[in-house]
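**Student:** Just need the structure, nothing else, for what follows:
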Amino acid sequence: MATTVSNSVQRVRGKQTQLSADTTLTAADSGTTFFLDAIGEAITLPAVSAGVEYKFICDTTTATLDWTITAPAAVIYGSAQVAGAVIPASAESVITCVVAKFLPGDWVSLVSDGTKWFVEGSCVTTVGLTFTAP
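**Tutor:** Presented below is the predicted three-dimensional model:
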């Protein structure tokens, strides 16, 4: 009995978009990687919904205002590596990508299980990424 092995790989790329204005996300935006520009804006997350996920990547140092990612309730849990330290998020509602400290390559990802948003991320500069409760 012969076995056939294929080396053909299909690459699946998610949606990508540049954010440059205040944005309210929907479940239809799930799977999108958002690139953040130098002018910080407000991003509003939808209500939690199982399987919905987003990624935010800094592509230009924030120079004007913070980028904020806000959940409709205190349902953000997880952590991020910030300047080598683990910063916990527990029942938070706002993620702040701090002006002049959230640098190109820094990132935040969120995924929902239907009851919470789970966050992970990485930022090289001290206090470049913060979590706050309502």
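
**Student:** what about V86, which helix or strand?
**Tutor:** Under the criterion of DSSP states H and E, V86 resides in strand 85-92.

**Student:** What residues of that strand count as buried?
**Tutor:** Within strand 85-92, the residues that count as buried by 16 or more other Cβ atoms under 10 Å are 87, 89, 92. C-betas here are computed from N, CA, C, even on glycine.

**Student:** repeat for stretch 71-89
**Tutor:** Residues of stretch 71-89 classed as buried: 71, 75-80, 82, 87, 89 (neighbour count, 16+ other Cβ under 10 Å).

**Student:** Which residues does that stretch contact?
**Tutor:** 44-48, 90-95, 108, 110, 115-131, 133-134 (Cβ atoms under 8 Å, 6 or more residues apart in numbering).

**Student:** How far off centre is it?
**Tutor:** Put simply, stretch 71-89 sits 11 Å off its chain's centre (Cα atoms, centre = their mean, to the nearest Å).
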